[in-house]
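Student: Structure, please.
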Amino acid sequence: MPAEQPITLPGTAGTLEARLLDQQTPVGFLMCHPHPLFDGTMDNKVVTTATRTAARLGLSTLRFNFRGVGSSEGEHDHGRGEVEDVLTALRYAREELGWQKIFLGGFSFGAGMACLAAGEQPEWLAGLFLVAPAVHHFDAPNTLPYEFETHVYMGDADEVVPFDEVDDWVARVVPQPHWHVFSDGGHFFHGRLTDLQKSLKHDIEALL
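Tutor: Below is the predicted model of the structure:
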């Protein structure tokens, strides 16, 4: 497997710092990181676990820092500009990398931004993977795109994102996503990353 390479993406608030694993395939996985104001970066272990899982399946992968994080230019925009950052990365994957089939994922705040971006450009995606989506930090939609399947993963002992709120959202949103609950799992999946990895692997494989 080739190594990840540092690249920059031309964002609307300046360049975005990113890491690309190019496996010379038109199928790729893009992953978004947790909240920038709480030390969230693209090097978060849930983010890297997800991208490594996709890479082992032969997919190209892309992860990036939201505006104002690491070497990414701009300032934190409380979710408004961050959705545009996701769309920037998706556009780059389509137009510059030639990805024809894109799976989009996110963790916590990043899951929220991925969810909102997916709603804006559903025709760009082949699947959506939301890990502990922070429904209290973004305007969680009442509907999800019908163009692809959505998977939601969460520990029922999450100490950051209220489990009941996510459980309620999953039950109400249409079409209903696949709901994966990890018993006694916390927000950062301490001791449960292997379980998350297995679940992601199974669900991505089913869509290839």
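Student: Can you find which helix in this protein contains the most residues?
Tutor: In the chain, with assignment by DSSP state H, the single longest helix is helix 80-95.
Student: Could you list every helix and strand that that helix packs against?
Tutor: Identification of packing neighbours for helix 80-95 by 3 or more Cβ pairs under 8 Å, 6 or more residues apart in numbering; DSSP states H and E yields strand 5-11, strand 14-21, strand 27-32, strand 60-64, strand 101-107, helix 109-120. For the C-beta atoms, the positions are set from N, CA and C on the backbone; glycine is no exception.
Student: go with 7 Å
Tutor: Here helix 80-95 is seen to pack against strand 5-11, strand 27-32, strand 60-64, helix 109-120 when contacts are counted using 3 or more Cβ pairs under 7 Å, 6 or more residues apart in numbering; DSSP states H and E.
Student: would a markdown table of these with mean neighbour count, distance to H190 and mean pLDDT be doable?
Tutor: Rendered in a markdown table, the data for the helices and strands packed on helix 80-95 read as follows (neighbours: other Cβ atoms under 10 Å; distance: least, Cβ to Cβ, whole Å; pLDDT from 0 to 100):
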| stretch | mean neighbour count | distance to H190 | mean pLDDT |
| --- | --- | --- | --- |
| strand 5-11 | 15 | 28 | 97 |
| strand 27-32 | 27 | 19 | 98 |
| strand 60-64 | 26 | 21 | 98 |
| helix 109-120 | 25 | 18 | 98 |
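Student: of all those, which lies closest to E82?
Tutor: Using Cβ to Cβ as the measure, helix 109-120 is the one of the helices and strands packed on helix 80-95 that comes nearest E82, at 4.7 Å.
Student: could I get the helix or strand just after the closest one in CSV with only the CA atoms?
Tutor: Remark: after helix 109-120, the chain's next helix or strand is strand 127-131, criterion DSSP states H and E. Output for strand 127-131, consisting of C-alpha atoms alone and laid out as CSV, is shown next (Å, rounded to 0.1, in the frame of the first residue of the first chain):
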residue,chain,number,x,y,z
GLY,A,127,-22.5,6.2,0.7
LEU,A,128,-22.5,8.2,3.9
PHE,A,129,-20.8,7.0,7.2
LEU,A,130,-21.5,9.1,10.3
VAL,A,131,-19.7,8.2,13.5
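Student: Pull out the buried positions in the longest helix of the chain.
Tutor: By neighbour count with 16 or more other Cβ atoms under 10 Å, helix 80-95 contains the buried residues 81-90, 92-94.
Student: And those, which is closest to N142?
Tutor: Relative to N142, the closest of the buried residues of helix 80-95 is V83; by Cβ to Cβ it sits at 17.1 Å.
Student: I figured the closest one hits A117, correct?
Tutor: Yes: shown here, V83 and A117 form a contact pair, counting by Cβ atoms under 7 Å, at 5.2 Å.
Student: on that earlier part again, pLDDT of the longest helix of the chain, averaged?
Tutor: Taken as a whole, helix 80-95 has an average pLDDT of 98.
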